[in-house]
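Chemist: after the sequence you'll find the predicted model.
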Amino acid sequence: MNRISEAAPAVRLAAVQEKAREAISQHATLPKIEIGIATCGIAAGALETRSAFEQALSEFNIKAYIHPVGCIGHCYAEPLVKIHHPDSGFPPIFYHEVHPGKARMLVKQFLGGGDPCFEHIYGAAQTNDLIPSVSEFARFNREVRVVMENCGRINPEDLFEYIAAGGYKGLVSAMEMPPEEVIRKINESGLRGRGGAGFPAGIKWRMARDAPGTGKIVICNADEGDPGAYMDRTILESNPHQVLEGMAICAHAIGAQKGYIYVRAEYPLAVRIITRAISQAKESGLLGNTILGSALTFDIEVFQGSGAFVCGEETALIQSMEGYRGMPRCRPPYPVEKGFDDRPTVINNVKTLASAPAILMKGPEWYRSVGTEGSPGTAIFSVVGDVVHSGLVEIPMGITLRELIFDICGGIPKKKKFKAVQIGGPSGGCLPERFLDTPIDFDSLKQAGAMMGSGGMVVMDEDACIVDVARFFIDFTQNESCGKCTFCRIGTRHMLDILKRITEGKGKEEDLMLLQRLGEDIRDGSLCGLGKTAPNPVLTSLRYFKEEYDAHILEGRCPGLWCRHLIAYYIDLDKCARGCDVCVGCCPTDAVFTTSTRKKGIDQERCVKCGECMTACPPDYNAVKKVSPAHLAPVIPRPAGSPGEH
Amino acid sequence: MAGPDMDMVEIVINGKNISVKAGRPLLETCLSNGIYIPNLCHVEGMTSPPASCRLCFIEVEGIPAPVPSCVTTVEPGMVVSTDTAAVRKLQRTALKLLLSVHDIDCRNCPVNRKCPLQQIARFLKIGLKSAPFETRLKKDLLDDRHPFFNYYPNRCVLCGRCVYLCHRKNGYPKISFAGRGFGAFIRIDLPLPDDAVSCHECRECATSCPVAALRLK
Amino acid sequence: MVYGLTPEEKEKLERFKTKLSTFEKNRKNLIPILQSAQQEIAYLPGQALELAAGHLDIPISEVYGVATFYNQFRFIPPGKYPIKICLGTACHIKSSDIILENFERKLGIKEGQTTEDRQFSVERVACVGCCALAPVALVGDALYGKMSPSKVEGIFTRIQVEKEMSLRVHSENESNQ
């Protein structure tokens, strides 16, 4: 007994690994159905899919193990299912968009009859002679997974699966070296903060270690606020232990005993999964007092953020944890000197902390071999918008935007032309086509006027309106401004008013100069990072897409045919089919009327420009047209006494 | 407050050598040496100034952009300018932004001629107009629920002096910021009958309000 | 509009009062306390703010100031069918504002409001995380992807039909008894 209690952490971990192997081997022989059940999967119907599998299995009396996993990041294909049926002779196979009907069919035909339903296959999970493997697809083989390696592969609610995948080995390596050595390794790896600004993590840890004071604290910042980014949530939901392990490594390095995960209350599933992970880790001696039998003591609590974008800023985050309004304060003092509870505090993003275990396990040289000299490692983007394979993509730093958007994510759907890519969310910028060969790393993006930011990436085709996208982001930041400092509180509101005016066709020529000057002053004069970066989407689009602003102001024309005040729908009478009433039925405001020839017309005064008639008009006729400026639409008078006339 | 922090050091402000206390905020240092810097939210002796009004910018040699002087402390050998073009540009924009949410009705205002907004505008050589920014006033004109005070949201510039001074004098704030962003405002608690500190006696918030947004009834 | 507490909400407020005693009297617990109140009552009536202030022994204005700062807290009761429109970036570029407008027009309320009969409320929410299904709306827990104005009509028809069916079942049960 005595010998065990004195055993090194590695021996202790080996004991847990043994248990994990045992637990997992229990269902090793059964056919396995893997379903991605993170928020995105659930939204796409993964829970219904799971019950359909369960029902079908019992209906056909087939034994199989349903393995719930996190999210693999392929949002376009959800609900995504992987089935491994060893006896069939086929390798594990991915099926996409598996809704209940398909689930039942797969059980019956594949698990029951050995037919993998070729027409529904997305790809095999391994290279083989029978079925094309997903590893031949760029969306799979061009990714390099460091942070998300196990996302979508393991059950996030089962510690043993993480252990079996090599989990907590990084912590053990860290514990076998003195804290100074851990910090040196992180420093050597060149790991930069993944929250957006890219501050070197090693230096932050060093400063916290050196700061005088006791009761140091590690905070994992999962207050993901960008309206188009969700990788932090996905990581917490898909592999929570990697984050806990990273926090424990940091705790050992800086000498902290207490940690917090600051996660948005809007992420209930992430809160539940991470809370459960903490208690599992405690039960197995991986958190709490005397971790793995050593002198290291580290405990983690979950704090639910109440939804304020500004709380992603570290001083505001601390304010909110202390029970105050989340208003940033001036730095210095920095949180590493005086943070939560006035104690030295390291605040790192989820991805930063989740990178630490691999660095400790595989060494800083390995980490530096991925990515670029100035930005080692990988970047995770949530690529959304007009792109074929949307979702979360983890790529090595340094590949170009073109490779990411066109090669990996499949380019623009419906053969439309690329117009712009918005990177970094509300703090980022909008880049045109000529920047597509810019390498993705902290410094190149900044130079181009965008920034890594939260990792939100919106791809826009020719139908998008750049002015409206700028308005969308300013609307977001002005709404999320804490209201403390003059520039951000009042300045962003004026920017929004001006942009609104422009999208409504009421812009004035001098508005562009005003936007530019005000934007620069907000950037230079605001107190915190939120305010300083808020004008970025406007400033970059003014720089690269001035002609779009001009079209709105000078011609009353929206080049993307998007801004509703500047467009009109009309019906091309040469194409409209007599007697077809589809557009009349679908119009929510009764703006579509029947003319004396039984063809249709649109009452411009009633039209709210929702585009429903255009969607509904059968492609054979394709009679509904959209134009900008609005006055170009031919006028078709509504016959007197027709229904709906006022 | 003796100690090494309070040693006298030489710095240069606007080209002149001045001997000042090290560690003291530059805003206070300049003001007490007769060098005016526009400011609204600062109160003498604050330990962690909010730096929220964004008026007291200065330039310090070696720092690329203007910084607020209320949170920049004196260090030996500093070279400071309070009147560069970059400083003035930010100050003018900040003041115009404040004026765009301020009900500019000076003739009917109790602090006419004593108002810091008027003084700062004169100092920065701009008129009392928000142009090119359009005026954006709040819908609520008056909060008169309190027995002793009236609050005028469209006069308020959210400097926060009332909140800070109430807190400092009474140990806890009976007045605080509420709402968020552009809609932020000041909210006063109605006094409780058994309140230890009587708002009627104190009046700190109303007397400290520079723009007559809080007035005694 | 001022909403009085329904008898049911009064009961919930009592339950919150009991829960309150489990929180240590520490300012750091203010946000968790407000979250617990909202979880219990579905919104934060003035009484809940007063209870929180009393428990932590801090002025009500402070509690009010904190509560009004965060998006999570709401001060009017949600409808029986809370409608949430995702306004994430992906949904925005797929015209989620048109969907929001359709709900607003249909119900005659604006975003952030509740209908007088407390049946429906409409609000915007941050990215729901299924960008591939944009634009997205949630009615209660049910998610509707690839929304369009005509689907808005469909959702109301569905709610109406479900209501009538449950009424019918209810009255059949009554007549059977």
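Modeler: It's in. Numbers count the residues shown, from 1 in each chain, chains lettered A, B, ... in the order given.

Chemist: any idea how far C:Gly46 lies from C:Tyr70?
Modeler: As judged by Cβ to Cβ, to the nearest Å, C:Gly46 and C:Tyr70 stand 17 Å apart. Where C-beta positions appear, they are placed from N, C-alpha and C, glycine not excepted.

Chemist: more neighbours: those two, which one.
Modeler: Set C:Gly46 next to C:Tyr70 and count neighbours by other Cβ atoms under 10 Å in any protein chain shown: C:Tyr70 wins out with 20 against 12.

Chemist: wait, that one touches A:Ser306, no?
Modeler: Yes - between C:Tyr70 and A:Ser306 a contact is recorded at 3.5 Å, counting by Cβ atoms under 8 Å.

Chemist: low-confidence stretches in chain B?
Modeler: Along chain B, the model assigns pLDDT under 70 to residues B:1-6, B:192-197.

Chemist: now do the residue in chain B that chain A sits nearest to: how many residues are near it, please.
Modeler: Minimum separation of chain B from chain A (Cβ to the nearest Cβ) falls at B:Ala184, amounting to 3.3 Å. If you count neighbours by other Cβ under 10 Å, B:Ala184 ends up with 23.

Chemist: where does it fall, phi/psi-wise?
Modeler: Here is the backbone geometry of B:Ala184 (degrees, to the nearest 10): phi -60, psi 150.

Chemist: so how far is C:Glu14 from it?
Modeler: 33 Å.

Chemist: quick check: beta-bridge partners of A:Val624?
Modeler: A:Ile571 (DSSP bridges).

Chemist: so it sits right up against A:Leu573, yeah?
Modeler: No - assessed by Cβ under 8 Å, A:Val624 is found out of contact with A:Leu573, at 11.4 Å.

Chemist: who's more crowded, the two?
Modeler: Ranked by neighbour count (other Cβ under 10 Å), A:Val624 and A:Leu573 place A:Val624 first, with 23 against 14.

Chemist: for that one, report the pLDDT, please.
Modeler: Here the pLDDT value assigned to A:Val624 is 96.

Chemist: which residues does it contact?
Modeler: A:Tyr569, A:Tyr570, A:Ile571, A:Asp572, A:Cys583, A:Cys613, A:Met614, A:Cys617 (Cβ atoms under 8 Å, 6 or more residues apart in numbering or on different chains).

Chemist: residues near the third one, how many?
Modeler: Applying other Cβ under 10 Å, we find 25 residues neighbouring A:Ile571.

Chemist: quick one: it and A:Lys600 touch, right?
Modeler: Yes - here A:Ile571 reaches A:Lys600: they are 5.1 Å apart, a contact under Cβ under 8 Å.

Chemist: between these two, which contacts overlap?
Modeler: A:Cys583, A:Val592, A:Ala623.

Chemist: would you turn those residues into CSV with distance to A:Gly525?
Modeler: Below are the shared contacts of A:Ile571 and A:Lys600 laid out as CSV (distance: Cβ to Cβ, whole Å):
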residue, distance to A:Gly525
A:Cys583, 51
A:Val592, 50
A:Ala623, 53
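
Chemist: go through those residues and name the one nearest chain C.
Modeler: A:Cys583 (11.1 Å).

Chemist: helices or strands up against the helix or strand that contains that closest one?
Modeler: According to DSSP states H and E, A:Cys583 maps onto helix A:582-586. Judged by 3 or more Cβ pairs under 8 Å, 6 or more residues apart in numbering or on different chains; DSSP states H and E, helix A:582-586 is in contact with strand A:592-594, helix A:612-616.

Chemist: now those in JSON lines, with distance to B:Met78 and mean neighbour count?
Modeler: Below are the helices and strands packed on helix A:582-586 laid out as JSON lines (distance: least, Cβ to Cβ, whole Å; neighbours: other Cβ atoms under 10 Å in any protein chain shown):
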{"stretch": "strand A:592-594", "distance to B:Met78": "71", "mean neighbour count": "22"}
{"stretch": "helix A:612-616", "distance to B:Met78": "65", "mean neighbour count": "20"}
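
Chemist: can you say which of those is nearest to chain B?
Modeler: Nearest of those to chain B, taken as Cβ to the nearest Cβ: helix A:612-616 at 33.7 Å.

Chemist: quick one: classify the residue of chain A found nearest chain C as helix, strand or coil.
Modeler: Chain C sits closest to A:Gly228 of chain A, with a gap of 3.1 Å, by Cβ to the nearest Cβ. Three-state call for A:Gly228 (DSSP: H, G, I helix; E, B strand; the rest coil): coil.
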